[in-house]
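Participant: Predicted coordinates and the sequence they were generated for:
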Amino acid sequence: MIQLWNLILYQPLLNGLILLYRTIGNLGLAIIVLTAIIRIILIPLTAPSMKTAKKMQELAPELEKLKQRYKNDKQGLAKAQMELYRQHGANPAAGCLPQIIQLLVLISLYQAFRQVLLPDGVEMIQKINEVLYPVLRLPLETKINLQFLYLNLAKPDVFQLPLNGQTIPIPGIFLMAAALTQFLSSKMMSPAVKAAEKTAAKTEEKSDDMATMMQSQMLYLFPLMTILIGFSFPSGLILYWFIFSLATMLQQYFVSGLGGLEPWLRKLRR
Amino acid sequence: MKRLILRSIRFYQQYLSFDTGIAKFLFITDKACRFQPTCSEYTYQAIEKYGILRGGWQGLKRIVRCHPWSKGGNDPVK
């Protein structure tokens, strides 16, 4: 099972990364390009569920009515809901399989980046060479260039701010950007969350309530977690995370517009 | 053992899944499953009814069936 994983996901990705690194000569750019390529390949898997998200927002009022009508009949509600989606052609959820594949790809990508983002050394090159296809193998004395703009990609993206003789760590530009894009893209999704909040208030189902509560908390919790994790993670991985969320946000924008961000922007323009 | 697995499915549904949990925020999906009941709920019911092996296998088959080219729709545990 693990071998299969290595063969079809991890190995090609790591090879792709090294190939890009050798052609571009900059590891940071290689990470950006590879992440972008993978995101583009994954579009057919992610697009349908995003489209549904938009349809669901439009259908929210009708769903509300259904929920009122089938207050105490969960089975009936589920059926009526399916029927509603079918009528409006909203089912194109991508399905569970693509989601799982997507998850596996992203984990492998993370593993590939992590493997390269180690302090240099013969041992590390040997380890990478084990996975590389023969054409791409690196000479043992290779030093991977970890410099990208101001970042050392193997070290966390953290500034040390001197204050009264002590230093206070503050998150760097890319770390902040990663957290911000993550926040903005979940904010774009949030009309759906708001609609669900209203419904949850009306239904007596406890789990429903829990789920919506968690969703509105996560809007803030996740970016915070990103920053916390970022304090100790190699900045190369943060770069990956940033590009990944940025791609999600762009895709989201092209499929369903600004969503929950719109009221904010209107306020800003005034 | 069976109870442990069923419990963990419930845990997944509440906190991790693509529909309501963490994954929703990583991938910004709103609804992942094409079927009703969802794959995880289907597996839950199947394991409850047929046991870990047979029920689990049925759940696995269901997940493989759940892709963009399938029709989706109503598909309860038989």
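Facilitator: On my side now, so go ahead. Numbers count the residues shown, from 1 in each chain, chains lettered A, B, ... in the order given.
Participant: following the worst-scoring helix or strand of chain B on mean pLDDT, which helix or strand shows up next?
Facilitator: When each helix and strand of chain B is scored by mean pLDDT, DSSP states H and E, helix B:22-27 comes last, with a mean of 65. Later in the chain than helix B:22-27, the nearest helix or strand by DSSP states H and E is strand B:35-36.
Participant: send the alpha carbons of the helix or strand just after that following strand over as CSV?
Facilitator: Counting by DSSP H and E, the next helix or strand C-terminal to strand B:35-36 is helix B:39-50. Taking Å, rounded to 0.1, in the frame of the first residue of the first chain, the C-alpha atoms of helix B:39-50 are listed here in CSV:
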residue,chain,number,x,y,z
CYS,B,39,-20.8,7.8,2.1
SER,B,40,-19.9,8.0,5.8
GLU,B,41,-23.5,7.6,7.0
TYR,B,42,-23.9,4.7,4.5
THR,B,43,-20.8,3.0,5.9
TYR,B,44,-22.1,3.6,9.4
GLN,B,45,-25.4,1.9,8.7
ALA,B,46,-23.8,-0.9,6.8
ILE,B,47,-21.3,-1.7,9.6
GLU,B,48,-24.1,-1.6,12.1
LYS,B,49,-26.1,-4.0,10.0
TYR,B,50,-23.6,-6.4,8.5
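Participant: quick one: buried residues of helix B:39-50?
Facilitator: B:39-47, B:50 (16 or more other Cβ atoms under 10 Å in any protein chain shown). Just so you know, the C-beta spots here come from the backbone N, C-alpha and C atoms, and that holds for glycine as well.
Participant: how about that helix against chain A, any contact?
Facilitator: Yes. Using Cβ under 8 Å from any Cβ of the partner chain, helix B:39-50 reaches chain A at B:Cys39.
Participant: closest to chain A among the buried residues of helix B:39-50?
Facilitator: Using Cβ to the nearest Cβ, B:Cys39 comes nearest to chain A of these, at 4.4 Å.
Participant: Touching, that closest one and A:Cys96? I think so.
Facilitator: Yes. Using Cβ atoms under 8 Å, B:Cys39 is in contact with A:Cys96, at 4.4 Å.
Participant: Next, the contact list for the spatially most central residue of chain B, please.
Facilitator: Nearest residue to the geometric centre of chain B (Cα atoms, centre = their mean): B:Ser40, 1.5 Å. B:Ser40 is in contact with B:9, B:12-13, B:17, B:33, counting by Cβ atoms under 8 Å, 6 or more residues apart in numbering or on different chains.
Participant: just the buried members of these?
Facilitator: By 16+ other Cβ under 10 Å, those give B:9, B:12-13, B:17, B:33 as buried.
Participant: Run a quick neighbour tally on A:Ile32.
Facilitator: Here the number of neighbours of A:Ile32 (other Cβ atoms under 10 Å in any protein chain shown) works out to 19.
Participant: just A:Arg22 next, same as before
Facilitator: Neighbour tally, A:Arg22, other Cβ under 10 Å: 11.
Participant: quick one, what contacts it?
Facilitator: Here A:Arg22 is in contact with A:Leu136 (Cβ under 8 Å, 6+ apart).
Participant: Any buried residues in stretch A:160-172, and which?
Facilitator: A:171-172.
Participant: So what's the gap between stretch A:112-124 and the chain middle?
Facilitator: Its chain's C-alpha centre and that of stretch A:112-124 lie 24 Å apart, by Cα atoms, centre = their mean, to the nearest Å.
Participant: What is the helix ranked longest in chain B packed up against?
Facilitator: Secondary structure of chain B per DSSP state H: the longest helix is helix B:52-65. Packing partners of helix B:52-65 (3 or more Cβ pairs under 8 Å, 6 or more residues apart in numbering or on different chains; DSSP states H and E): helix A:96-116, helix B:2-11, helix B:39-50.
Participant: Please identify the one among the buried ones among the contacts of B:Ser40 that lies nearest to A:Gly76.
Facilitator: Lowest distance from A:Gly76 to the buried ones among the contacts of B:Ser40 (Cβ to Cβ) belongs to B:Cys33, with 19.1 Å.
Participant: follow-up on the earlier one: pLDDT at the residue nearest to the centre of chain B, what is it?
Facilitator: For B:Ser40, the pLDDT comes out at 90.
Participant: got the angle between the helix or strand where A:Gln252 lies and helix A:96-116?
Facilitator: Element membership for A:Gln252 (DSSP H and E) is helix A:235-256. Interaxial angle, helix A:235-256 versus helix A:96-116 (axes from the mean of the first three to the mean of the last three Cα atoms, to 10 degrees): 150 degrees.
Participant: Please tell me how far helix A:235-256 is from the chain's geometric centre.
Facilitator: 6 Å.
Participant: Touching the helix or strand just after that helix from outside, list them.
Facilitator: Per DSSP H and E, the first helix or strand lying C-terminal to helix A:235-256 is helix A:262-269. Helix A:262-269 is contacted by residues A:187, A:258 when judged by Cβ under 8 Å, 6+ apart.
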